[in-house]
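Q: here you go, sequence then predicted model.
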Amino acid sequence: MDKEKRLSDENSDLYRSFFQENNAVILLVDPENFDIVDANTAACMYYGWPLEKITRRRIHHLNVLSTEDIEAETQRAEEENRNYLTLKHRLANGEIRDVEVYNGPMVLNSRRMLYYIVHDVTERKLAEDKLRRKEMQLRAAQKIGQFGSWEMDLNSGNVDASEEARRIYGFEDEELSLEIIKNTRLEEYLPAMYEALANLVELNLPYDLKFKIRRQNDGNIRVIHSVAEYYAERNVVIGMIQDITERKHTKSKLRESEAHLNEVRSIANIGSWEFDSNGLAKWSPEVARIHGVDPDDPTGINCSFSFYTPESRASLEKAIRNALEKGESYDLEVEFVTEKGEHKWVRTIGHPKIEDGKVTTVTGSSQDITERKQAEIKAVEEVGWRSILMEQSRDGIVIIDQDGKVFEANPRYAEMLGYSHEEMKSLHMWDWDTHYTREQLLEMLRLADSKGILHETRQLRKDGSLIDVEINANAAKFGERKLSFCVCRDITERKQAEEELLNAKLDAEDANQSKSEFLATMSHELRTPLNSIIGFSDVLHSEIFGSLNKKQAEYLSHISSSGKHLLRLINDILDLSKVEAGKMELVCEKFYVSDAIEEINITMIPLAIKKGIYLDAKIAPHLEKINADRSKFQQILSNLISNAIKFTPDKGHVTIEAQKSGNFVQIAIKDTGIGIADKDMEKLFQPFKQLNSYLTREHEGTGLGLALVKKFVEMHGGRIRVESKVGEGSIFTFLIPVDFKEQIPNPA
């Protein structure tokens with residue numbers, strides 16, 4: 001035991017001597033909690049902490065990289081098969097250094113430890129980064145300048161070429177040699193290459209060649225300029241090549257460009273001219289054509305001056321005088337009338353040429369800008385007309401920015417709400433809209449930006465009164481600003497008229513004796529007392545015969561709503577009875593499914609926004625027209641979509657999908673609602689059956705909506721099915737023939 005202890009002590013002393021005297025930064029770490037339990041003198045000096053402070057830290061306290069960055073570096077080290085990590089450590093003075101960390105397990109005094117050996121590589125990293133930047137700059141310079149560099153070892157014949165040099169020759173990553181490069185040159189240029197190379201090496205004569213090559217990768221013929229120097233101590237030739245193919249075409253292209261410029265000048269109605277103090281010396285035929293005079297007429301400029309309007313002529317004469325006397329350039333847009341009576345505008349630019357302090361000539365150009373000027377005048381007129389439209393419109397017009405603030409409003413809209421124009425421009429749309437929240441209104445702006453929106457709402461006037469308003473909102477742009485252009489119509493009177501019309505319709509339906517005896521009896525016996533109940537309750541509620549207390553008003557409201565609910569039930573019963581009795585007829589017409597869906601969606605958007613539900617339509621492209629009863633088709637859609645919205649919790653999704661399926665169109669309404677239990681499936685399409693759920697009880701109904709949907713689908717020769725999972729949602733899918741004459745096969 002004494003011997004073992006002595007050996008252990010000797011090993012411990014040996015370790016301490018190696019550990020403390022080592023110039024490398026060494027840390028010992030507890031593998032359980034990663035506490036630093038020891039650090040050698042080099043570590044304390046490097047990090048700037050005494051031993052008692054550094055051992056109060058954990059190893060990750062030294063590291064400034066995130067956990068994700070460390071994991072990524074560990075992954076790279078494994079992939080590159082290296083036994084160190086490249087990290088960043090923070091010293092006591094806050095300085096951050098690049099380090100390479102080697103670590104591994106060890107046992108000290110029967111205790112398992114981790115050792116960390118840290119090498120500072122900050123200076124090396126800086127040098128490497130600097131070298132990489134220089135290499136990158138060289139590659140960029142070669143790429144931008146389209147020149148490459150190469151080095152040929154005359155001992156081996158091997159050639160090392162830069163990336164751009166390889167691109168010029170059309171090589172990839174293959175090894176290059178003089179023999180390989182020689183094969184790219186056209187044969188007639190080889191003797192000159194050998195002679196120039198020999199003269200460079202043996203006589204130190206300049207190597208400066210232009211030759212043609214057939215590029216390796218695509219076979220294109222390119223013109224190359226190559227220069228090189230010989231380095232005898234290494235027996236290598238280092239050179240530069242540049243693709244000058246385009247340069248060879250410059251002269252011909254320049255000639256083509258000049259011809260093209262003359263053609264463009266003619267197309268653009270631009271001519272050139274030059275004159276001195278004695279008058280017009282010469283002008284191009286295009287200038288003469290613009291002015292409507294003969295190019296060979298010696299009176300030239302004097303004749304053309306007479307065509308200018310007095311104001312334009314005065315401006316032009318003053319500009320020419322200043323050019324000749326003061327050497328001032330000019331750029332004018334002037335108006336004139338040709339000999340044929342045509343009103344024209346011309347832009348004329350003049351630059352004086354000065355020699356020995358005197359103006360010798362003035363050269364310039366004239367361009368016919370009549371069309372542009374007319375377009376500008378038309379644009380000004382259009383702005384004026386639009387302003388008149390805004391000012392004189394009988395509808396209210398308000399333009400809203402993406403933040404819901406009024407960008408502009410016409411007088412009619414300000415009048416509708418009882419504000420002045422200045423007051424309107426300080427308002428946001430939620431200052432007057434009482435029906436929707438701020439978030440819902442901003443969502444409507446987003447929808448208007450994507451596809452437009454039509455809805456009805458109630459708006460609060462400055463005096464506190466309410467008006468019914470129909471809003472048609474669409475996207476608009478003013479420069480880079482996205483705006484919503486809203487046409488607002490006061491429909492208060494229309495709503496009152498609709499209510500009166502509805503009452504008249506109900507009265508007319510009561511009086512309609514054309515139905516079968518049973519339906520007529522039911523209509524008379526049930527609707528008459530209900531209309532009386534609804535009518536008298538509404539009359540009492542309007543307080544025509546005296547004021548009501550709160551309780552009385554509440555009871556009358558219950559009576560009216562219950563009566564109307566019962567009336568809707570009776571109407572559904574009668575519609576269903578018509579279908580079952582075979583007295584309901586289809587009025588078919590051809591229409592686009594996308595149009596019908598869009599119309600229904602517009603009416604559903606406010607209901608969806610109210611609950612924060614995302615309503616989306618996915619319609620297959622090029623979906624053809626169908627021949628069906630449009631009204632009943634939309635009634636089917638309205639019932640299914642409104643049910644989906646009603647029975648989907650807030651912030652859910654409702655999606656309408658439409659696509660062709662053989663000779664039929666298939667419509668699917670998907671929701672993320674509470675779903676339907678299997679035991680309730682058979683009740684869905686039965687009249688007067690309602691599912692027993694809290695959402696069903698929340699939304700009153702007749703229990704006839706889906707029954708009518710099924711009947712209307714079947715009347716078209718179609719079918720409807722349901723897929724649902726409790727807690728996940730439902731999918732109602734119906735198919736009807738593209739043409740009503742087609743009959744759908746029964747599913748097997």
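A: In hand now; what should we look at?

Q: number of residues surrounding residue 346?
A: Residue 346: 24 surrounding residues under other CB atoms under 10 Å. In this view, the C-beta of every residue, glycine as well, is placed from N, C-alpha and C.

Q: what's the answer for the one 10 residues further on, then?
A: Per other CB under 10 Å, the neighbour tally for residue 356 reads 5.

Q: point to the helix or strand of the protein where mean pLDDT is at its lowest.
A: helix 694-698 (a mean of 46; mean pLDDT, DSSP states H and E).

Q: my reading is that residue 650 lies in a helix. Confirm?
A: No - in this structure, residue 650 is coil, not part of a helix, as judged by DSSP: H, G, I helix; E, B strand; the rest coil.

Q: next secondary structure after the least confident helix or strand of the chain?
A: Proceeding N to C from helix 694-698, the next assigned helix or strand is helix 705-715, under DSSP states H and E.

Q: pLDDT score for residue 384?
A: At residue 384, the pLDDT value in this model is 62.

Q: could you do the one 10 residues further on as well?
A: With respect to pLDDT, residue 394 scores 83.

Q: sec struct for it, please.
A: Going by three-state DSSP: residue 394 is coil.

Q: tell me who's in contact with it.
A: For residue 394, the contact set (CB atoms under 8 Å, 6 or more residues apart in numbering) comprises residue 412.

Q: distance of it from residue 441?
A: For residue 394, the distance to residue 441 equals 25 Å [CB to CB, to the nearest Å].

Q: residue contacts, residue 28?
A: Contacts for residue 28 (CB under 8 Å, 6+ apart) come out as 36-39, 108, 113-116.

Q: got the contact list for the closest residue to it other than its chain neighbours?
A: Counting by CB to CB, 6 or more residues apart in numbering, residue 38 is the residue found nearest to residue 28 once chain neighbours are left out, at 4.0 Å. The neighbours of residue 38, taking CB under 8 Å, 6+ apart as the test, are 19, 27-28, 51, 55.

Q: pLDDT weak spots in the stretch 351-500 of the chain?
A: Applying pLDDT under 70 to the stretch 351-500 of the chain flags the ranges 381-389, 449-450.

Q: swap the cut-off to 50 and go again
A: Nowhere does the stretch 351-500 of the chain drop to pLDDT under 50.

Q: what of the stretch 501-650 of the chain?
A: 512-517, 520.

Q: where do the helices of it begin and end?
A: Per DSSP state H, counting those that start in this stretch, the stretch 501-650 of the chain carries helices over the ranges 517-522, 528-541, 550-580, 593-611, 630-646.

Q: which among the contacts of residue 38 end up buried?
A: 19, 27-28, 55 (16 or more other CB atoms under 10 Å).

Q: return the residues in contact with residue 149.
A: By CB under 8 Å, 6+ apart, the contact set of residue 149 is 142, 161-162, 164-165, 238-241.

Q: okay, and it sits in which element?
A: Here residue 149 is assigned to strand 147-153, by DSSP H and E.

Q: partner strands of that strand, with direction?
A: Applying DSSP bridges, strand 147-153 is found paired with strand 158-161 (antiparallel), strand 236-243 (antiparallel).

Q: name the stretch among the ones you listed that sits most buried.
A: Mean neighbour count (mean count of other CB atoms under 10 Å) peaks for strand 236-243 among the strands paired with strand 147-153, with a mean of 19.

Q: ok, back up a step: tabulate the strands paired with strand 147-153 (a markdown table), appending distance to residue 316 and mean pLDDT.
A: Formatted as a markdown table, these follow (distance: least, CB to CB, whole Å; pLDDT from 0 to 100):
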| stretch | distance to residue 316 | mean pLDDT |
| --- | --- | --- |
| strand 158-161 | 63 | 87 |
| strand 236-243 | 51 | 88 |
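
Q: ok, residue 418 to residue 476 distance?
A: To residue 476, residue 418 is 25 Å away according to CB to CB.

Q: in which helix or strand does residue 391 reside?
A: Using DSSP H and E, residue 391 falls in helix 370-392.

Q: can you list the strands that the helix or strand following that helix pairs with?
A: Next along the chain after helix 370-392, taking DSSP H and E as the criterion, comes strand 396-401. In the sheet, strand 396-401 lines up against strand 406-409 (antiparallel), strand 481-490 (antiparallel) (DSSP bridges).

Q: kindly export the shortest one (C-alpha atoms) in CSV.
A: As requested, the backbone C-alpha atoms of strand 406-409 are provided in CSV (Å, rounded to 0.1, in the frame of the first residue of the first chain):
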residue,chain,number,x,y,z
VAL,A,406,-58.9,58.3,-44.6
PHE,A,407,-56.6,59.3,-47.6
GLU,A,408,-59.3,61.2,-49.4
ALA,A,409,-63.1,61.6,-49.3
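
Q: now do that strand: everything it contacts.
A: Strand 406-409 is contacted from outside by 390, 396-401, 421, 424-429, 478, 481, 483, using CB under 8 Å, 6+ apart.

Q: what's the burial count for residue 684?
A: A count of neighbours around residue 684, defined by other CB under 10 Å, yields 19.

Q: can you name the residues bridging to the nearest residue to residue 325 once chain neighbours are set aside?
A: In space, and not counting its chain neighbours, residue 325 is closest to residue 359: 7.5 Å by CB to CB, 6+ apart. Applying DSSP bridges to residue 359 yields these beta-bridge partners: residue 354.

Q: which ones are touching residue 359?
A: 277, 323-325, 327, 352-353.

Q: now list the buried members of these.
A: Among these, those classed as buried by 16+ other CB under 10 Å are 323-324, 352.

Q: that older thread, for residue 199, find the nearest of the helices of the stretch 501-650 of the chain.
A: helix 593-611 (78.7 Å; CB to CB).
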